[in-house]
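K.L.:
here you go, sequence then predicted model.
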There are 2 protein chains.
Amino acid sequence: MATGRTHRPATRSRGIPEATVARLPLYLRALTALSERSVPTVSSEELAAAAGVNSAKLRKDFSYLGSYGTRGVGYDVEYLVYQISRELGLTQDWPVVIVGIGNLGAALANYGGFASRGFRVAALIDADPAMAGKPVAGIPVQHTDDLEKIIKDNGVSIGVIATPAGAAQQVCDRLVAAGVTSILNFAPTVLSVPDGVDVRKVDLSIELQILAFHEQRKAGEETAAGDAALPAATRDDSADQGPDGDVPAVMPA
Amino acid sequence: MATGRTHRPATRSRGIPEATVARLPLYLRALTALSERSVPTVSSEELAAAAGVNSAKLRKDFSYLGSYGTRGVGYDVEYLVYQISRELGLTQDWPVVIVGIGNLGAALANYGGFASRGFRVAALIDADPAMAGKPVAGIPVQHTDDLEKIIKDNGVSIGVIATPAGAAQQVCDRLVAAGVTSILNFAPTVLSVPDGVDVRKVDLSIELQILAFHEQRKAGEETAAGDAALPAATRDDSADQGPDGDVPAVMPA
DNA sequence: ATGTCTTTGTGAACGCGTGCACAAAGATGG
DNA sequence: CCATCTTTGTGCACGCGTTCACAAAGACAT
């Protein structure tokens, strides 16, 4: 979904399907909740319900990791938590940098989910000199000029881009050149990266537009005309997206 | 323009593949950029490159909307912008509410991409009484108690949930009960909704974990042992995700 | 008008992901 | 030790999405 890039053709002896990888964090979350409640074992049916997926799918997903279940009983929660964590690479420390400390970047820096699971915010980077030294989420913001040094000094391989769209590709290029090989992109732009670099995209605008499509379809199926009790001054023809094009995710300052 | 008479032929509007719908906003973005540069026409090859997809895929996607291209020439940019906008339902006004005005909620409220494309932030809602009346992004925050009234008075059908995980399902239930039929969920939880309600999920933690998986795989392929040029003194093993479980996306206050 | 050239639109093949349905495996009880 | 019961692991079929490859369609030059 996020990465429109095809992976390597062969050489995939470890072959865990991409769709399965995307669900592992979901299972892990559900398992962690069970673990905190000291639940010893869980059946595929129960866990699937908690994760919101089909139980057969869950079992097939786990089968790619190995046979970690016990027939007639289910799965050992603690063991499975460990196995999935290990498979996802969460048993090690992943330093990440966030570039673009605007509203969104600051929110990400404060995001608790980052600090957990082995992800550590190693640095915050912004192009605005006025931001330099200013602490956000307890971490001082550093200037873009030092990007390469920051990446290398901290051994960062995962970068988060929360800059305006116009700056994203340039930032991306610098990150990649400095050694980053995985990028989480919040800017509304298509990033082009060399082979071997993974990009995942989170695009709020696109998600909303997809919802609008389905919403419109639902509204059109029920009643053809008046739906909401709203004026809805729709008189635009094409000058709708003129003034903004695609506004950056967040202004850097 | 307006040559296409297909209002809802029931033969084709029904069958737009979900994968295609998800790409339409991408095409729209690229087309809007071209439009602003006053480019009159564009070939599938050029547009596909701009959107980061395969040209055959793009042509097939457009074929679901109808035959809007001219062989030997390409696609009329303005016309296509209009057609896609209409198909996505962006020619009308979509009032949305954002529930949970923490760091992330505030960032979303300030997000330029919301205001554009027909999406209008109709209200900000938070459970914290101290937030009530306080303006965020120029919009006064309202208390959760008034959620139902706000939804109905504004004819809102799209809701954005940016609350902590623990509150998400409850907020979701209230939104749905009040008439919301599309939800964009930023809380790290599986939401259960009745049929007819669409939910899209944005989960930062999951995206990072997917990246970590690939990152680990890349590191393992190259060198079995020492990976980055980093000391990496933190060598934890399993007591990694204990303290947090799954921290809420953003604290509400 | 005719031929050439460009680009669309799509038929067909392929691969991936999903879900069913069931046999195998192990627990449990007599 | 055997019977029964529960739950896993997976073979198989199906449908969706992607990609190739090419004929049809139209622009453009002569």
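P.N.:
Looks like it arrived, so ask away. Fair warning: this is a prediction, and the values are worked out from it, not measured in the lab.

K.L.:
hmm, the helix or strand in which A:Ala48 is found in reach of chain B?
P.N.:
If you go by DSSP states H and E, A:Ala48 is part of helix A:44-51. Yes - using Cβ under 8 Å from any Cβ of the partner chain, helix A:44-51 reaches chain B at A:50-51. Where C-beta positions appear, they are placed from N, C-alpha and C, glycine not excepted.

K.L.:
for chain A, which spans come out with low pLDDT?
P.N.:
A:1-14, A:221-253 (pLDDT under 70).

K.L.:
and if we set it to 80?
P.N.:
For chain A, the stretches flagged by pLDDT under 80 are A:1-14, A:114-117, A:220-253.

K.L.:
can you list the domains in it?
P.N.:
A:18-87, A:94-204 (automatic domain parsing).

K.L.:
do any residues in whichever helix or strand comes after the helix holding A:Ala48 lie close to DNA strand C?
P.N.:
Where DSSP H and E defines the elements, the next helix or strand beyond helix A:44-51 is helix A:55-65. Yes - contact of helix A:55-65 with DNA strand C (Cβ under 7 Å from any atom of the strand) involves A:56-57, A:59-60.

K.L.:
which one among those gets closest to A:Arg29?
P.N.:
A:Lys57 (16.2 Å; Cβ to Cβ).

K.L.:
in space, what's closest to the closest one - neighbours in sequence excluded?
P.N.:
Excluding the flanking residues, the one nearest A:Lys57 by Cβ to Cβ, 6 or more residues apart in numbering or on different chains is A:Ala48, at 7.3 Å.

K.L.:
pick the most buried one from the domains of chain A.
P.N.:
Most buried of the domains of chain A by mean neighbour count (mean count of other Cβ atoms under 10 Å in any protein chain shown) is domain A:94-204; its value is a mean of 20.

K.L.:
any idea how far the nearest residue to A:Ser55 once chain neighbours are set aside is from DNA strand D?
P.N.:
Nearest residue to A:Ser55, sequence neighbours excluded (Cβ to Cβ, 6+ apart): A:Ala48, at 3.9 Å. Distance of A:Ala48 to DNA strand D, given as Cβ to the nearest atom of the strand, to the nearest Å: 9 Å.

K.L.:
can you put the domains of chain A in TSV and add distance to B:Glu148?
P.N.:
Listed next are the domains of chain A as TSV, based on distance: least, Cβ to Cβ, whole Å:
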stretch	distance to B:Glu148
domain A:18-87	26
domain A:94-204	25
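
K.L.:
how about those, which one is nearest B:Thr91?
P.N.:
With respect to B:Thr91, and counting by Cβ to Cβ, the nearest of the domains of chain A is domain A:94-204 at 20.1 Å.

K.L.:
any idea where the helices of chain A begin and end?
P.N.:
Using DSSP state H, the helices of chain A run over A:18-36, A:44-51, A:55-65, A:77-88, A:103-110, A:112-115, A:147-154, A:165-178, A:204-222.

K.L.:
can I get those helices in TSV including distance to B:Leu184?
P.N.:
Output for these, formatted as TSV (distance: least, Cβ to Cβ, whole Å):
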stretch	distance to B:Leu184
helix A:18-36	18
helix A:44-51	20
helix A:55-65	24
helix A:77-88	25
helix A:103-110	15
helix A:112-115	17
helix A:147-154	32
helix A:165-178	20
helix A:204-222	6
